[in-house]
Every structure is written in C-alpha cells, then in structure tokens.
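Trainee: I need the structure of the sequence given here:
(chains A and B)
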Protein chains: 2
Amino acid sequence: MASRYLDLDTVKFLLYNVHDLDGVLAQERFKDYDRASVDLFLNAVSDFSDKELFPYFQEMDARPAHFEDGEVHVHPQVTQYMKKAGEMGLAAALFDHEVGGLQMPNCVVTAAAYIQESANNHLPGYIGLTFGAAELILHFGNEHLKKTYVPNMLSGAWNGTMCLTEPQAGSSLSDIVTSAEPDGEHYLISGQKIFISGGDYKGVENVVHLVLARIKGAPAGTKGISLFVVPKHRPDGDGQLVFNDVNTVGDFQKMGQRGYCTTHLSFGDKKECRGWLVGEPHQGLKYMFLMMNGARIAVGRGAAAIAMAAYRASLAYAKERPQGRKLTSTGKKDVSEAQTLIINHPDVKRMLLTQKVIVEGALSLVLLSAKYQDLSLTHPEESERKKYHYLLELLTPVAKTYPSEKGLESVSNGVQVLGGYGYCSDFILQQYYRDIRIFSIYEGTTGIQSMDLLGRKVTMDQGVALTHLAGEMGKTIKEAMGEDSLKSFAGVLAGKTDLMKKVLNYLMGYAGKGNYERFLADATVFMDFFGNILIGWLWLDMSLHANKALSDGATKHSAAFYKSKIHAMRFYYTYELPKSEASAAILLNTSDLTVSVDEGLFE
Amino acid sequence: MASRYLDLDTVKFLLYNVHDLDGVLAQERFKDYDRASVDLFLNAVSDFSDKELFPYFQEMDARPAHFEDGEVHVHPQVTQYMKKAGEMGLAAALFDHEVGGLQMPNCVVTAAAYIQESANNHLPGYIGLTFGAAELILHFGNEHLKKTYVPNMLSGAWNGTMCLTEPQAGSSLSDIVTSAEPDGEHYLISGQKIFISGGDYKGVENVVHLVLARIKGAPAGTKGISLFVVPKHRPDGDGQLVFNDVNTVGDFQKMGQRGYCTTHLSFGDKKECRGWLVGEPHQGLKYMFLMMNGARIAVGRGAAAIAMAAYRASLAYAKERPQGRKLTSTGKKDVSEAQTLIINHPDVKRMLLTQKVIVEGALSLVLLSAKYQDLSLTHPEESERKKYHYLLELLTPVAKTYPSEKGLESVSNGVQVLGGYGYCSDFILQQYYRDIRIFSIYEGTTGIQSMDLLGRKVTMDQGVALTHLAGEMGKTIKEAMGEDSLKSFAGVLAGKTDLMKKVLNYLMGYAGKGNYERFLADATVFMDFFGNILIGWLWLDMSLHANKALSDGATKHSAAFYKSKIHAMRFYYTYELPKSEASAAILLNTSDLTVSVDEGLFE
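Mentor: Alright, predicted model coming up:
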C-alpha cells in the first residue's frame, strides 16, 4: 500500500519488524497498546493525512504565510489542522493519561508524525512546537503554569513556540540579550526573537511562547539564561485574555516551507510584557536542551519524510513516462521500437535506488532513535535505561543530520528523474527540493551537530556511547555472518567499524594535545563518515529481517517487498558505503588547511 | 578587484596566465587583438554587468516572466539588455568582421559571458541563444536567409531560439514529430515545442526560431530530422513583417531562472506557418549538434558563474558577520571575549574553500574548453587543430556537467554559510540555489552527458582523445615534479591517471562483450570520477602558474592572491581528490544492480 507520497508498508515493516515494536509495547507504560491498536492508529493518521494534509500541500506553497496589516496570515487549513489534530490527540500523544495524553510510545508517535510530514511538511510543525512547549511546561513548570496553559495547547486551541534565536546571536546562544526584570510574581520581558516557527498568525486564539532570556544581573554566557512562559495574551483572573505586549514585527519569506510561518517577535515594546519563570533561574538552557533531543530528531524526521515523498513522486513518474529506448547489443537503439518507460534506464534506476536507500535508511535511523528514547525512559532495568540513553545521545545529531543532508541529495535525484519537468512549478518535485533545504539549518546546523557528535557524544564518559553502539552493531554483524547470502556484507561492515576506530584514534590525538580546534575542524566530514557507516548497519539489519521473513514465508508483505529490501542493501553496500573510504582518507589528513590563520586564504 | 558577485582577478589570471591567452591571440584570425585590448574589453563588460545586469537580478526573480493575455511578459530590462548588448557587439563577438562581428577568440567571449552571468544569469541567455541561432544560419543557411535574418539578430533587435524539445519526446530527439510539408519555396510547419528558452515575449519585434522538424515521408529516428528557420513574423517582399502563425501557448513557471522565459510554442495552428530549410534535408540534427558543443559549454559556464556569485556573496557575509568564539586549548569558549567573525571558524573556512576550489576549478575548465575550441579552428597546423578538436570533444560533456553538479554543491555550501538567512528571500543565496538547479538538466541531462563521455568521447577513434588528454596532463605532472613544493601533488595526480586506466579497462570489458547497457550503467559515476581528477589536474596547473608568479616576483596580483591559489590546490588534493577513490571502488563493482530486470525493485 503505497501512495504518491508515502510507502506505509515500509514504515510498518521498520517499526514492527526491524525495530521490534513489541519489545517497546511490553513496557509497563504502554500496556494499553498492542500491535493491532497501533496499526489502527497509524492507518487513521494515514487517512487523516490523505484528507487533511496532502490536498493543501501545493496550495500552501503557492499562497505562502505573509505579514500584512500587522499580522501574519497563514493558510486557513492551519487552524483546521490544529483543531482536528488536537481532537485526534496528536499533540498529546506522548503525554501521560493523567494530563489528557495518549501515553503512546515515542516510536509510534514518530511514525505518525512522519506520515503527516510526508503528506505536507508545512503543517505538522504547528502542532509539533506546541507539543514541545507544553512538554517544557509539564516537565519544569509549576502547577499554576500547567493548569493555565497546557490544556488549551493540547486541544490545539492555543499554539506553542520555542523562542531561542536573536538577531545578533544566531546559533551562539551564549550571546542572548533578551532581558527579564523581576516585577512581583512575574518578570517583565524585553527583547527581539527571530526565526520563530509558528510564532504568531491571524486567527489563533493565543500563542504560548517559551522564551530564553537573561534575568537582570545574571552571569554572562549560557549559565545566565532562564526560561519563561510568555503568552501573547495572558489570562487574567476572570479567564479573560489580556494582550501581553508580544508584538509581531514580520514574517520571514523563505524559499521553501512557505506555509509554515517564521516570525520576528518583539517582546515588551511598551514594557508591559509579562513572563513567568519556568523552574529555577539560570537553568533555562539546560531545560531547553533536555527537549532538544526530541526537537532534533523531529527535524531529521521531517527531512526523512520529505525525501520519502519525493521518492514516491519520482518513482510514480518514472513508471508512467515513456522516453527513449534501451541499448541493444550493438550499442545502438532501434528506433522502430516503441519508447520504453524511463524506469527501465539504468541511470534512472540508479537515481531511484539512491533515493530508496537514503529514504528508508533515514527512516530507520529516526525510528531507532525514537525507540531508544522509549527504552531509555521505560525499561525496567536501570543499566538498560542508561545504555539506551547513551545510544540516544549518540544517535541524535546523526538522526538530525543524515536525513537533512542526504535527504537533500535524494530529493535532488528525484528532481533529476523528471528532467525539465522536475524544475517546473506545476510539478511537485521542485517544492520538495526547496522545502528540504532548511532542515540542515534548523535546530543547530550540520556544523553544530557534527561538533556535538565528535566533540561531545563520541567522547563522553570515556566513549561509553560508542562502546554500546559497537555492541549493537556487533550483534547484527554476528547474525548476518550466519547467513550465507549476507556474510560478505557483514564482513564489509566489520571492516568499516575498524576503520572508524582508526579515524577516531587519529583525531583524538589532536584532542589529547589540547588542539581542540584541529580536533573538531573536520567534524562535518566525520559526521558524513559516521552516518554513512551507521546507515550501512541499518541496511544490513533490515536485510536480516527481510531474509527471515522470506524464509519464514511471511505474508504480511509480498515477497517482492522483502526482496527489494535486500536488493537495496546490496545497492547501498555497492554505491554508498564505499564513500566512507574517501571520508576516512580526508579525515586522516595531516594538514592544517582550515585551521591555519591566513588572511589572504580566499583571495 | 573582487565584488560581491565576481572575482575578476581570477578570471584574468586564468585566462591570461594559466590558459595562455597570448598563444591564442597569436593566431592570424585574432591579429586585431592584444592583451591590452582584451583587458579593456573585459573591464567594459564588467562595468556593463555592474550597471545593466546585477541591479536587476533579484527583481527579475521577484517579478518573473509569465503568460498573460496570450503573451509572455518579461522584465523590461530584457529589451534594454538586448539593445545595449547588441550595441556592444556581444551577440556578434565571435563572428567574422565581414558579417559585422568582432572576430574575437572564444575564450575571451566565454570570459565576457561568464562575467555577465555571474551578475545576472537570467539575462545573457536571451543574447546567447540569439547568437546560437544566428550561427546556425551563418554556417548552413543560404544567402537569402543570412541577409534576411542575421543582421537584426546581431543587433539585438530580433531574438533567436533553438526549438528541439517536444512534449512526447523529451530528451529522445529521435521521437520528434513536428512536421514540415513542402509548399513552394518554403515548407508548412506544424507541431508543438516546449521548454523554449527566450521563446517569445511581449515587446520583442520578432523572434527567429531554429526548428527541428520532420519532412513528410522522412526516415524514422534522428536521420529524418531537418532544420528550419521559422520566424514569428516573416518579412514580406516590402520589408513588412507578417504574422507567421507561430503561437505562444504558455510560459513554464520554474523554481529558478524566473526572469528567463521558458515558452511553449505551437506552430501552424492555422496551417499558415512557413519554414525555410537550412542546408540539406535530413541533416538537421547534425547541424544542431555542431553547435551543441558551444551550447553545452555555455551551460557549464552559466553554472560556474552562478557558483562564483554565490561564493562571493557568502564570503562577503562570512567576513562581516560576528558569531560565536574560537575554541580555547581547554576545548571551551571564553564568553567574556567578543564574538569572532564566522570566517574564523574552521567549518566555515571548509565550506568557503570547498566553494573556492569548485568555483575556480569549474571556471578553469570552461575557459580551457573555449581555448581548445579556438585552437581547433585557428591553429595553422592541421595535426594540432585535430588534437584540439579531440580535446574539445572530450572535455565538452565534463565542462557542461562538473560546473552544474558540483556548482550546486558549492552554492549549497554558500547557503549554509549564511545559516537561516541563507534560506530567506531577502538574501541572495537562496536565489542562486534555485537558479543553478536547472543546469544539470539543460541541453542534455547529466545522465546524457555521462553516456556521451564514456560511450562516445572516451572511446572514439581508439581512444585518441584520452591519449591527448593524458599527454597534456603528463606535461603538467612533469613540470610540477620539478618543483619541490608541488612534487608530492604531482605524484598523487599521476596515481589518479593510473587509476583511471584501471577503471576504463574494467568497464571496457563489458563493451567488449557487447554488454553496452552494463558498460554505460554507471556512466554518471564515471563522470563524477573523471571530473574530479580533471579538476585536480587544473588545480595543479594553476599552482604551477601561481608558484612561478611568486618566484618571478610578479606584481599583477598580490602575493596573497597567488598564495591563495596554492592553498586552494592543497585543499583540493586533501578534501576533494580523495573522493575519486570511492568512485573507483563503485565503478569497479561486479554487480548488475541497476541493469537487472526485477519488477519489484522499488517496492
């Protein structure tokens, strides 16, 4: 069952079989669910996406969010979507039953969000950020804040946002200057925030901003940042909403994701903007970053979903469009033959398979990360929870980056499959191409994720996260060694893990000498290298499950379905995995070309 | 002297020093020129671009060409540009003095077009296609056609086009069905053409279409295609223009190059569309392809120019934008320090240097191809002309593809340097990103260029073209071996040429067995491999010239300028050239993954 934007079968195969949903559902927290109820839920989300998301996708691009008469105007479907998604419980799906949530596993909620994002990546962000803001309040806020804000957020009536970026600071959060001055039970907030997704728009009843700001007199840098709830309208004692001096200055016009507004907000122009401290003073960044894993995986998930949609669209086109002829054994074409479908040209197959391995590899990584999160929170044994926490920490920057960076390459292949039509506005591919480009920038650029991976995650606690990952990969390798048809690929992957050790040993040498700048200079290349090998592991794992299904005579999917996974794995090992050799060669370089200070470098 | 869109110094260094302009100017045909007059010409083109092209670049995107009331509306600067470029002789720069041309070398004209395209890639195409159409008439048309059409085209008053693509045929020209029926001295033309750049627009006096069509009863396939001049308005005996039943059906809306119209034309709706045969019947495709080398290099040139402009824009931003701090030797940042400029972060340097090596490598390749064309036409010795012809044939698909494919990667790095701003419509980077995406599709997609490279150019006449290229590369390697600072790089490049032989031997094995489909299945990977090594050669060559200038104490450019070329070469050999190892590993694969016929491959 695959549409022009989604292959739901693959989502289910990965979630149920490859990543063992039953193992997650076995945890006490999820006792209300079984595979059948999850299946019903995902089918409902898929129907919902067909009806409420996909039909508006191109329209939202053609009629983008924009600032006019002092307000941001968005497509009317935004309000409709918030309402219906609220009714379905999508914003509250992860939360406890007691606060009105569905108490679902993150891996299921991730699959549900992915399905929606493949249908229309402009809409789910509204609910996603609302969920993220509500989560912060629930985790760290007092009872008053919880009671005042959360129910209206979870119903989809009020929008939530995360306000981090400021014009002068960009990615450098230590330079935030938005200020908070104590004023009785609340604070007076003053400052500018930019790039606020879903930040404000006409027709929404209220917006609840989670704002990073600096209490007057706080220490410099990230240690002086606190977190505040700053509503656009504050509920007064009588339940009336009073304007809280949160002003919309404009909406950034972007080359893609044009239905998803990106606002510029100004707090306290009239010194009447009240904010309520969340948790303790000066702990704001720590709180925000506890939610950041989720936000980063959500970015990777969105990019993975766009790449999926682009793959399906270009695949559908390749199966319909006749053009050219196959080469005969004389190296010529026989023009008396009818034209062949373009899917029969090897170069088109190569482009489609490149997409397939990136798309499904990215999805597998995102679901795995979500599963690790589930187990890190719910596994009964502490040592296991710790293990999964380390694995989650390690994979998060990769789950954000691989789908964003390789997804872009994947979508570009999709455009190319359509030729000139791929570039035309009447065809959907160019929109995916524009939409996905922001994902390697959102929530910390690829450069920042890469420094997080190499500079923090790989090295933390004497490299224990990497040890756990090697253990997981080792299990797959061992199992695949036992299968004749997979043995050689398992051997290749084992070689790659050795290569990774070699590269890390080399790079750690710089850190050992206190040359951190050089240690991290090629972090982005390392990210590419690491992601390439990681996805190689996930493809081998997928093949093991496909192989098993074939030998078990499983009928959940067709034999062709399972075989295609094994074919794609072989493609990955032949056309993608060799790239890690080049990355390793680059990483092992002994030069100083991007660190050396040379004024005229770019003349 | 570098602006926010162009580094004119590098253009001149490549043209004058690296590619030895004097050697071209020494040919009899160019005796009216010397380096000083060329310098004046390029400076004039640069001034012209500052004034007449760059200021309209973002505006042409914001107010795109569009179809309304039966006509295509373009930005008013199009007409202005055509006129002024006509006055400067830009459309006629390559032509003989006797037809009103400037009789300039192609490498100089290429540099001039590149300068314009870096300023605004939406405009030069109008004149470029007009030149191409005029060139076809001058080469193959009779005196009547030449007299009737060419002068008005070269003055910029009449636009010219090339009409190849049809809706049902796409890249498969053998399936063209536009028909031509003899009707006295002319033919009656009937059919549809799509994707016609500069195809028609409001305000242009006349458009002269060069149309591929099939004379009734002609053989099937490419051997039955003829070339016709089909004006929108035909001059009657009295010099009046009569409408010639060439109808504009629409204008394709595109994600980029939005100021450059892309029309859908319908010929002969009322059976009153007259066409005049150019040259002999059934020779149309041959004629068109004689011009195709130029058209393909022009596409590569345009992509290279966009990549240049994006590099300059992101470099300027990186030099102005403070953000974050450098890592100290404890691996931390000192927040009491002022923020540093982002150009000081190694990852930003890496992105900028990646751009630099692609941008300048692409430009070098384009200029070299143009120079080969000059020498293939003007060298006094036939054997030399032949050699340069072979080299031109070999490099053409690469000169089209490397700048398009790697240029896209380069521009994407430029977007990333700006972070979130790179994605915003107020910043220029996103426009370059959208604009450049079409170049790997124009005039034969990357897949088609790659099959041309591997399937025709590498193998033609027992591989003589490759032998000549090996000879040229060998000279550079030998010379670099004599320089202590370059010796090691020369050794690396020599190794790469051996690797290329190994790869080709392997692939030729499939051709030898008549398995052409498998031989060409990975042609696109081969293109990437070949381009990567070729640009490695060009960077070594550039370093030799920079080295020489430094040791000669040359003062044309600063020492920093020359040193930056050597730094960039080292960067290329460290961060780009190793990728050829991965490509070789892929190309040497023994599988059949994109050739095998398997229905369920993409499930």
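Trainee: check which helix or strand covers residue A:162.
Mentor: strand A:158-163 (DSSP states H and E).
Trainee: The helix or strand just after that strand packs against which elements?
Mentor: On the C-terminal side of strand A:158-163, the closest following helix or strand by DSSP H and E is strand A:179-183. Using 3 or more Cβ pairs under 8 Å, 6 or more residues apart in numbering or on different chains; DSSP states H and E as the contact test, the elements touching strand A:179-183 are strand A:186-197, strand A:206-215, strand A:274-277. C-betas here are computed from N, CA, C, even on glycine.
Trainee: Doesn't residue A:337 belong to a helix?
Mentor: No: counting by DSSP: H, G, I helix; E, B strand; the rest coil, residue A:337 falls outside a helix, being coil.
Trainee: ok, back up a step: ok, the strand holding residue A:162: who's next to it in the sheet?
Mentor: Strand A:158-163 has its sheet partners listed here by DSSP bridges as strand A:206-215 (parallel).
Trainee: so how far is the strand it pairs with off the chain centroid?
Mentor: Taking Cα atoms, centre = their mean, to the nearest Å, the mean C-alpha location of strand A:206-215 is offset from the chain mean by 23 Å.
Trainee: looking only at pLDDT, what's the mean for that strand?
Mentor: On average, the pLDDT along strand A:206-215 is 97.
Trainee: ok, the helix or strand hosting residue A:506 near chain B or not?
Mentor: In the assignment (DSSP H and E), residue A:506 maps to helix A:487-512. Yes: using Cβ under 8 Å from any Cβ of the partner chain, helix A:487-512 reaches chain B at residue A:511.
Trainee: can you check stretch A:566-585 too?
Mentor: Yes: judged by Cβ under 8 Å from any Cβ, stretch A:566-585 and chain B are in contact via A:567, A:570-571, A:574-575, A:578-582, A:585.
Trainee: sorry, back to before: the helices and strands packed on strand A:179-183 into TSV, with extra columns for mean neighbour count?
Mentor: Shown next, in TSV, are the helices and strands packed on strand A:179-183 (neighbours: other Cβ atoms under 10 Å in any protein chain shown):
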stretch	mean neighbour count
strand A:186-197	22
strand A:206-215	25
strand A:274-277	24
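Trainee: Of all those strands, which one is nearest residue B:11?
Mentor: Residue B:11 sits nearest to strand A:186-197 of all those, at 36.6 Å, using Cβ to Cβ.
Trainee: sorry, back to before: from the chain's centroid, how far away is the helix holding residue A:506?
Mentor: On Cα atoms, centre = their mean, the centre of helix A:487-512 falls 26 Å from that of its chain.
Trainee: which strands and helices sit next to the very next helix or strand once past that helix?
Mentor: Next helix or strand after helix A:487-512 toward the C-terminus (DSSP H and E): helix A:516-521. For helix A:516-521, the packing partners by 3+ Cβ pairs under 8 Å, 6+ apart come out as helix A:487-512, helix B:346-378.
Trainee: For the stretch 451-600 of chain A, which segments are assigned as helices?
Mentor: A:460-481, A:487-512, A:516-521, A:523-552, A:559-571, A:579-587 (DSSP state H, counting those that start in this stretch).
Trainee: coming back round to it: let me see the residues that make contact with the strand holding residue A:162.
Mentor: The contact list for strand A:158-163 (Cβ atoms under 8 Å, 6 or more residues apart in numbering or on different chains) reads A:82, A:126, A:129-134, A:136, A:149, A:152-153, A:178, A:193, A:196-201, A:204-212, A:230, A:265, A:288, A:291, A:295.
Trainee: again, only this time at 7 Å
Mentor: A:126, A:129-130, A:132-134, A:152-153, A:193, A:196-199, A:204-212, A:265 (Cβ atoms under 7 Å, 6 or more residues apart in numbering or on different chains).
Trainee: for stretch A:302-320, same thing?
Mentor: Residues outside stretch A:302-320 that contact it (Cβ under 7 Å, 6+ apart): A:2-7, A:114, A:117-118, A:121, A:341-343, A:348, A:352, A:355-356, A:358-359, A:362-363, A:366, A:403-404, A:407, A:410-411, A:414, A:417-418, A:428-429, A:432, A:435-436, A:439, B:602.
Trainee: Format the residues of stretch A:566-585 next to chain B as JSON lines; extra columns: pLDDT and distance to residue A:19.
Mentor: Formatted as JSON lines, the residues of stretch A:566-585 next to chain B follow (pLDDT from 0 to 100; distance: Cβ to Cβ, whole Å):
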{"residue": "A:567", "pLDDT": "96", "distance to residue A:19": "21"}
{"residue": "A:570", "pLDDT": "97", "distance to residue A:19": "22"}
{"residue": "A:571", "pLDDT": "97", "distance to residue A:19": "21"}
{"residue": "A:574", "pLDDT": "98", "distance to residue A:19": "25"}
{"residue": "A:575", "pLDDT": "98", "distance to residue A:19": "25"}
{"residue": "A:578", "pLDDT": "98", "distance to residue A:19": "27"}
{"residue": "A:579", "pLDDT": "98", "distance to residue A:19": "25"}
{"residue": "A:580", "pLDDT": "98", "distance to residue A:19": "24"}
{"residue": "A:581", "pLDDT": "97", "distance to residue A:19": "29"}
{"residue": "A:582", "pLDDT": "98", "distance to residue A:19": "30"}
{"residue": "A:585", "pLDDT": "98", "distance to residue A:19": "33"}
